[in-house]
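*Asks:* could you look at this predicted model? Sequence included:
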Amino acid sequence: MSTSPVLLLRALLLALLVAVAAPVFAQASDPTPLQFNDAAEEARFHKLTAELRCVMCQNQSLADSNAQIAHDLRREVLELMRQGKDDAQVKQFLVDRYGEFVLYKPDVAPGTYILWFGPLLLLLAGGVWVGRIVARRAKQPGPATDDNDQEW
Amino acid sequence: MNNASELPPSPPRSRGALTFALIIIGLFFVGLMGLLYYGVKQSDRAGRDALPSPLIGKPAPAFDLPLLHEPNKRVTNADLAGQPYVMNVWGSWCPECRVEHPVLTQFALTKRVRFIGYNLKDERPDALRWLEQFGNPYMMVLADVEGRTAIDWGIYGAPETFLVDGNGVIRWKHVGAIDQAIIDHQLIPALEKIEAGR
């Protein structure tokens, strides 16, 4: 009985290892022959391409897509990174050529205010509405609730 | 049942709130229906997934590409300056290009404007064979084997077609196969605008 926590811990560790290893296997099947200089560059590249949208298959990120153009653009992104461009510059490079569309996180600009603040506005409006109803209900004396005749 | 017996004590206010809520819900519903209807109407529009190019109205990106037929000869923007030209991106690997090819050939034969081919990411022998088989309507064919210049042009596939004016400014672009209606209603009017002096 005393070994069971250890066993449990081992099982958990194993599960964790499998979970961590899975994406690595998925990466291996990726046909891109991109070579990274170091882990930091690789991490930055993956983070950046995950935030960029593939222009061909528009519901995939640049990182996920297998389209030829995505392959070419990934290579281009890596090259721009090696030229010392920062993330904003790499994104601007693609925006200049393919438009705002390539960004999963578009800039906060007058044209995208609705996109950024619309949901918040809706939430606020809904909250105010619900709040008013709750406040009014609270003011009403409300009938004496006797749950006794309710059968659960 | 229980609710109905609660209503009478405060009729005016809750009646007003209920009407207000119904109006809001109704407006929301109408808006949603409108949005869905718009989506359905748009769904049969060819090229609805095409990205609007940010390059329209801007100078065409610089390029320096070899000719498909004479790989030793290179062509740059400067060589094409002065007169407008239409640049059609194609590849032997592109099935849609075959669909638009007869239409474009007919347009090229009118000699309305210089008609230039842009062979994208193709094997040279394949490209040459394709032109031999289907005919070569192009005044010249630029070859971009690597597809690097294509990125500068915002090209993301084939077919794509650009109209560049005499000052080297991109005036119009179409993504996907071109048909006669697109030539008549978009390309030629854009060309007429250029000829009229913008």
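*Replies:* Happy to help now that I have it.
*Asks:* just how off-centre is stretch A:124-133 within its chain?
*Replies:* In terms of C-alpha atoms, centre = their mean, to the nearest Å, the centre of stretch A:124-133 is found 29 Å from the chain centre.
*Asks:* I misspoke; the intended subject was stretch A:130-140.
*Replies:* 37 Å.
*Asks:* now do stretch A:108-115
*Replies:* 19 Å.
*Asks:* moving C-terminal of the lowest-mean-pLDDT helix or strand in chain A, what's the next helix or strand?
*Replies:* Here the helix or strand of chain A ranked lowest by mean pLDDT, DSSP states H and E is helix A:4-28, holding a mean of 57. Following helix A:4-28 in sequence order, the next helix or strand is helix A:39-50 (DSSP states H and E).
*Asks:* now what about stretch B:104-117, what contacts it?
*Replies:* In this structure, residues lying in contact with stretch B:104-117 by C-beta atoms under 8 Å, 6 or more residues apart in numbering or on different chains are B:68, B:80, B:83-88, B:90, B:135-142, B:161, B:163, B:178, B:183, B:187-188, B:191. From N, CA and C alone the C-beta is placed, and that goes for glycine too.
*Asks:* need the buried ones from the residues you listed selected in ChimeraX.
*Replies:* Buried subset of the contacts of stretch B:104-117, written as a ChimeraX selection, criterion 16 or more other C-beta atoms under 10 Å in any protein chain shown:
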select /B:68,80,84,85,86,87,88,90,136,137,138,140,141,142,161,163,178,183,187,188,191
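*Asks:* and chain A, what are its domains?
*Replies:* A:30-106, A:108-139 (automatic domain parsing).
*Asks:* the longest one - what's its average pLDDT?
*Replies:* When pLDDT is averaged along domain A:30-106, the result is 87.
*Asks:* tell me how far it lies from the chain's centre.
*Replies:* That offset, for domain A:30-106, works out to 15 Å (C-alpha atoms, centre = their mean).
*Asks:* residue B:134 - how many residues pack around it?
*Replies:* For residue B:134, the count of nearby residues is 15 (other C-beta atoms under 10 Å in any protein chain shown).
*Asks:* if we ignore the residues flanking it in sequence, what's nearest it?
*Replies:* residue B:101 (5.2 Å; C-beta to C-beta, 6 or more residues apart in numbering or on different chains).
*Asks:* assess the claim that the one you found and residue B:133 are in contact.
*Replies:* No. The pair residue B:101 / residue B:133 is not scored as a contact, 10.0 Å apart, by C-beta atoms under 8 Å.
*Asks:* which one of those two has more residues nearby?
*Replies:* A direct count of neighbours by other C-beta under 10 Å for residue B:101 and residue B:133 places residue B:101 higher, at 20 against 10.
*Asks:* check the secondary structure at that one for me.
*Replies:* Assigned by DSSP: H, G, I helix; E, B strand; the rest coil, the conformation of residue B:101 is helix.
*Asks:* so what's it up against?
*Replies:* Per C-beta under 8 Å, 6+ apart, neighbours of residue B:101: B:90, B:134, B:135, B:137.
*Asks:* from the chain's centroid, how far away is the lengthiest helix in chain A?
*Replies:* Determined from DSSP state H, the single longest helix within chain A is helix A:113-139. In terms of C-alpha atoms, centre = their mean, the centre of helix A:113-139 is set 26 Å apart from its chain centre.
*Asks:* show me what it is packed up against.
*Replies:* Counting contacts by 3 or more C-beta pairs under 8 Å, 6 or more residues apart in numbering or on different chains; DSSP states H and E, helix A:113-139 is packed against helix B:11-43.
*Asks:* and residue B:142, that's in a strand?
*Replies:* Yes. The assignment for residue B:142 (three-state DSSP) places it in a strand.
*Asks:* name the nearest residue to it, sequence neighbours excluded.
*Replies:* Using C-beta to C-beta, 6+ apart, the closest residue to residue B:142 is residue B:65 (4.3 Å).
*Asks:* specify the local secondary structure of the one you found.
*Replies:* Going by three-state DSSP: residue B:65 is strand.
*Asks:* what does residue B:83 give?
*Replies:* Under three-state DSSP, residue B:83 comes out as coil.
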